[in-house]
Each structure stands twice: as C-alpha cells, then as structure tokens.
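Participant: test case, fold it:
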Amino acid sequence: MRTFARIEHLQMKTFTSRRQFIRNSVFGAAGVWLAGCRTGPRRISANEKLNLGIIGVANQGNYDMTNVAGENIVALCDVDENFLAAAKQRFPAAKTYNDFRRLLHQRDIDAVVVATPDHTHAVATAAALRSGRHVYCEKPLTHTISECRVVTELARQHGLITQIGTQIHSGENYHRVVDFIQLGEVGPVNEVHVWVNATYGGKDLPKDRPPVPASLHYDLWLGPVPDVPYHPDFVPRWWRHWWAFGGGALPDFGCHYLDLPH
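Facilitator: Numbering: from 1, shown residues only. As a prediction, this is how the structure comes out:
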C-alpha cells in the first residue's frame with residue numbers, strides 16, 4: 001500500500017507540475033515554449049492571403065476551417081490523430097501538430113483559429129497572442145472572467161486583432177430585432193426574459209475507466225485541467241456537462257440569446 005500510495009503521489013505531482021507548466025507558459029511573462037516564435041505580426045497588404053494555423057480541426061473547427069479555406073492553411077493541430085489525418089487530406093501542404101505550442105513555433109503563421117473545447121480556449125489564445133499572431137477564437141473566448149482579462153490585456157499590449165466566434169450575432173434577424181428596439185417600434189422595453197432549450201451540466205463524473213483510444217493524445221486534450229481520468233463521455237462531444245471543460249448551456253447557446261438584449 002505504501003508503494004502504491006507513493007506512486008500515486010508522484011503521478012499527481014507530475015500531473016500538477018505539467019498543468020502549472022502549461023498555464024505558466026502561456027499566461028506567464030514568457031514561456032520557454034514560445035522562445036523561438038515571432039514577436040510581432042507580419043505586414044500584409046489587402047491583396048495578400050493570410051497564412052493560418054488551425055487549432056482544433058473537427059466538428060466546429062471543421063466548420064471554421066471551411067469558412068477560411070480561401071486563405072492559406074499552413075498548419076493544422078488536433079489532439080486526435082484521426083481528425084488530424086482527415087484535415088491533412090483536405091490541406092496536404094499544411095504541417096501537422098498535436099500540441100498547439102509546437103504549431104506556434106512555425107514562423108510563417110499570421111493568425112490562428114482556435115476551435116478547441118472551452119477549457120483550452122484561453123491558453124491557446126494567450127499563447128498565440130504572445131507569439132505575435134492575430135486570433136479568431138470560438139465562443140466563449142475564455143472559460144473564466146479572469147482569463148478574459150488576461151487575453152484582453154495581451155491583445156492590447158501586442159496590438160493584435162482578436163475576434164470571438166459568435167456567428168449567430170451576425171445574422172440578419174438579430175440586427176433587425178435590435179433595430180426595432182432601438183427605433184422604439186415596440187415601445188419602451190423595461191424587462192427582457194431569455195429562455196434557452198439547451199441542457200448541459202449537473203452530471204456526476206463517470207465511474208468506469210475505459211482505455212484511452214490509440215488515436216487520442218488525452219493529456220494534451222486536458223491541457224491546463226487537473227487530471228481527470230479519460231471517458232468517452234468527455235471526448236469529443238459531451239464535455240460541456242462538466243465545469244472542468246465547459247460551462248453548460250450558458251456559454252453554448254445561452255451566450256447567443258443573452259447577447260441579443262445586451
């Protein structure tokens with residue numbers, strides 16, 4: 001028992017150190033991982049295409065990647081080898097990575113698209129900003145308010161462009177409703193009630209321990225999160241049920257609907 005407890009303690013210490021390293025490397029003053037990266041954006045004329053790195057290439061990442069396919073996709077990153085291989089077939093000239101920090105060492109990248117689960121949005125965005133790249137990040141931009149403040153300040157310090165992926169916000173109907181309200185077409189509005197039919201959260205962690213698929217770099221998927229044993233309920237789809245990875249319905253669909261009265 002003593003030996004087992006010792007091994008368990010060392011494993012947890014290793015996990016904690018790795019999580020701290022990942023967070024420190026992107027939120028700290030400088031990280032060794034970013035030492036060789038560019039420190040400022042390349043000057044680009046209106047006639048040039050952007051060189052893009054895509055962090056997260058499946059599901060929503062695939063949707064985003066399709067929408068920017070007219071630019072130069074020069075780098076692809078995903079923690080799942082199967083998703084990465086499928087994206088590589090679409091963009092054979094792009095270099096591939098499992099670790100987004102490695103991708104940021106590729107010097108010809110102008111901007112990155114971040115389409116990972118919520119818990120790694122901030123660390124990937126902050127690392128990209130520190131390396132001198134513009135960022136388009138899927139909503140929510142960060143997992144916590146404190147992370148948002150860090151990202152905001154980094155973008156300001158480095159003079160870089162960031163955009164958050166709330167696509168519904170750009171819809172014609174959204175703008176039409178806002179115009180009606182602002183023009184007084186429905187009279188004064190004193191109170192707004194918002195409902196969302198998405199339901200995430202409130203689930204206990206799974207008790208069983210299935211093996212990690214050979215194609216998945218689960219430790220890289222966890223990123224800055226303290227160790228949580230793998231379960232297929234987390235990856236790739238239902239992670240929003242647990243606060244370690246997402247925020248439930250609020251940052252998924254809630255942000256779209258709450259955004260309208262705001």
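Participant: after whatever helix or strand Ala85 lives in, which helix or strand is next?
Facilitator: Element membership of Ala85 [criterion: DSSP states H and E] is helix 81-90. For helix 81-90, the following helix or strand on the C-terminal side (DSSP H and E) is strand 95-97.
Participant: what's in contact with that next one?
Facilitator: Identification of contacts with strand 95-97 by CB atoms under 8 Å, 6 or more residues apart in numbering yields 74-77, 84, 87-88, 103, 106. (Glycine included, C-beta is placed from N, CA and C.)
Participant: same check on stretch 69-85?
Facilitator: So stretch 69-85 is contacted by 49-58, 61, 65, 87-88, 90-91, 93-100, 102-103, 106, 108-109, 213, 215-218, 220-221, 235-236 (CB under 8 Å, 6+ apart).
Participant: how about a cut-off of 6 Å?
Facilitator: Contacts to stretch 69-85, defined as CB atoms under 6 Å, 6 or more residues apart in numbering, come from residues 49-55, 57-58, 87, 91, 94-98, 100, 103, 106, 108-109, 215-217, 220-221.
Participant: next, format the contacts of strand 95-97 as a markdown table and append neighbour count, distance to Tyr230 and pLDDT.
Facilitator: Shown next, in a markdown table, are the contacts of strand 95-97 (neighbours: other CB atoms under 10 Å; distance: CB to CB, whole Å; pLDDT from 0 to 100):
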| residue | neighbour count | distance to Tyr230 | pLDDT |
| --- | --- | --- | --- |
| Val74 | 19 | 31 | 98 |
| Ala75 | 24 | 26 | 98 |
| Leu76 | 26 | 23 | 98 |
| Cys77 | 30 | 20 | 98 |
| Leu84 | 19 | 18 | 98 |
| Ala87 | 22 | 23 | 98 |
| Lys88 | 16 | 24 | 98 |
| Leu103 | 26 | 23 | 98 |
| Gln106 | 19 | 29 | 97 |
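Participant: please, where are all the helices along the stretch 51-200 of the chain?
Facilitator: Counting by DSSP state H, counting those that start in this stretch, the stretch 51-200 of the chain has helices at residues 60-67, 81-90, 100-103, 121-130, 145-158, 172-182.
Participant: so which of the ones you listed is the most packed in?
Facilitator: helix 121-130 (a mean of 27; mean count of other CB atoms under 10 Å).
Participant: so what does it touch, helix or strand wise?
Facilitator: Here helix 121-130 touches helix 2-27, strand 111-114, strand 134-138, helix 145-158, going by 3 or more CB pairs under 6 Å, 6 or more residues apart in numbering; DSSP states H and E.
Participant: each with direction, which strands does the third one pair with?
Facilitator: The strands beside strand 134-138 in its sheet (DSSP bridges) come out as strand 111-114 (parallel), strand 162-165 (parallel).
Participant: any idea which of these gets closest to Val123?
Facilitator: Proximity to Val123, assessed across the strands paired with strand 134-138 by CB to CB, is greatest for strand 111-114 (9.5 Å).
Participant: save the contacts of strand 95-97 as JSON lines, and put in distance to Gly184 too.
Facilitator: Converted to JSON lines, those look like this (distance: CB to CB, whole Å):
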{"residue": "Val74", "distance to Gly184": "49"}
{"residue": "Ala75", "distance to Gly184": "49"}
{"residue": "Leu76", "distance to Gly184": "49"}
{"residue": "Cys77", "distance to Gly184": "48"}
{"residue": "Leu84", "distance to Gly184": "52"}
{"residue": "Ala87", "distance to Gly184": "48"}
{"residue": "Lys88", "distance to Gly184": "54"}
{"residue": "Leu103", "distance to Gly184": "49"}
{"residue": "Gln106", "distance to Gly184": "52"}
